[in-house]
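Chemist: The sequence isn't on hand, but the structure is:
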């Protein structure tokens, strides 16, 4: 019997539509060597690059880093908790915010956010105004 593996994952919240080229927040388990409590999560802004016919995410690329290849859900599924829809963000501004979030002393090296809440707070400035806010 072949080993169990996951080839693709859906976009959260349920009902959100994933489109190639759109942004999402990748929520992953924090590594155990990071001296963080069990269940801690990290968030990274990613660009969706490959989808299945049913709309599940197959490949993605970190939006802040200049990475010349796609990461596959098939390879990283054990660490991934969720892909959260970020379609309410202005893409250019969100990528700018993500690139500005760097490791201390390394201004050219973008890093993840320590939690989903921290990512939401940082990306608040990139939110597109809703119809209610415009009126």
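Modeler: Thanks, I have it. On a predicted model such as this, the values are computed, not experimentally measured, just so you know. Numbers count the residues shown, from 1 in each chain.
Chemist: contacting residues for residue 67?
Modeler: residue 61 (CB atoms under 8 Å, 6 or more residues apart in numbering). C-betas here are computed from N, CA, C, even on glycine.
Chemist: Now the phi/psi pair for it, please.
Modeler: Per-residue torsions, residue 67: phi -110, psi 130 (degrees, to the nearest 10).
Chemist: Starting from the host helix or strand of residue 82, tell me which strands it pairs with and how they run.
Modeler: Taking DSSP states H and E as the criterion, residue 82 maps to strand 80-85. Its sheet considered, strand 80-85 pairs with strand 11-12 (parallel), strand 23-29 (antiparallel) by DSSP bridges.
Chemist: what's next to the longest one, contact-wise?
Modeler: Contacts to strand 23-29, defined as CB under 8 Å, 6+ apart, come from residues 11, 18, 39-48, 57, 60, 63, 76, 79-87, 89, 91, 94-95, 112, 116, 119, 123.
Chemist: re earlier: following element in sequence after the strand holding residue 82, please.
Modeler: helix 91-100.
Chemist: List the buried residues in that following helix.
Modeler: Neighbour counts using 16 or more other CB atoms under 10 Å place 91, 94, 95, 97, 98, 99 of helix 91-100 among the buried residues.
Chemist: Then stretch 7-26?
Modeler: For stretch 7-26, the neighbour count (16+ other CB under 10 Å) marks 8, 9, 10, 11, 16, 18, 22, 23, 24, 25, 26 as buried.
Chemist: Closest to residue 129 out of those residues?
Modeler: Taking CB to CB as the measure, residue 129 sits nearest to residue 23 out of the buried residues of stretch 7-26, at 17.1 Å.
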